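K.L.:
3D model of this:
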Amino acid sequence: MLIRIVRMTFHANQLDAFHQIFDRSKHHIRAFPGCQHLELLRDLDHPNVRMTYSHWTGPDALEAYRQSELFQTTWAATKVLFADRPVAFSTGQLEVLP
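P.N.:
Got it, this is the predicted structure:
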């Protein structure tokens, strides 16, 4: 499993627009082949920061999503709202606590 975290900083006046984009696309992303989980998180210390936290079956599934029309259109609409460059991490679990 691959865990993907994307940290995005938005202009304060663009948060509502981002939430609308996310609400329209979240069900499609969750249904995309290989996506096992998707959450939207907010940074408690930085009110204009949002993070997506997603689980994918592996790097190939994430890359297929990144090459899809769904990602291309969603990302194009989202990136114009940024106040700073996004930061993305692809991770794998080393240990799962009971």
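
K.L.:
helix/strand/coil for the residue nearest the centre of the chain?
P.N.:
When Cα atoms, centre = their mean is applied to the chain, the residue found nearest the centroid is residue 52 (3.5 Å). The three-state label for residue 52, taken from DSSP: H, G, I helix; E, B strand; the rest coil, comes out as strand.

K.L.:
elements contacting the longest helix seen in the chain?
P.N.:
Using DSSP state H to define each element, the chain has its longest helix at helix 15-31. Using 3 or more Cβ pairs under 8 Å, 6 or more residues apart in numbering; DSSP states H and E as the contact definition, the elements that helix 15-31 packs against are strand 35-42, strand 49-56, helix 69-79. All C-beta atoms are positioned from the backbone trio N, CA, C, and that covers glycine.

K.L.:
to residue 24, which of these lies closest?
P.N.:
Among those, helix 69-79 comes nearest to residue 24, with 8.3 Å by Cβ to Cβ.

K.L.:
show me what contacts the spatially most distant residue from the centre of the chain?
P.N.:
The centre of the chain is farthest from one residue, residue 98, which by Cα atoms, centre = their mean lies 26.4 Å away. Contact criterion Cβ atoms under 8 Å, 6 or more residues apart in numbering gives no residues in contact with residue 98.

K.L.:
quick one: pLDDT of it?
P.N.:
Among the per-residue scores, residue 98 shows a pLDDT of 80.

K.L.:
would a markdown table of the helices and strands packed on helix 15-31 with distance to residue 28 be doable?
P.N.:
As requested, the helices and strands packed on helix 15-31 are arranged in a markdown table below (distance: least, Cβ to Cβ, whole Å):
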| stretch | distance to residue 28 |
| --- | --- |
| strand 35-42 | 10 |
| strand 49-56 | 13 |
| helix 69-79 | 6 |
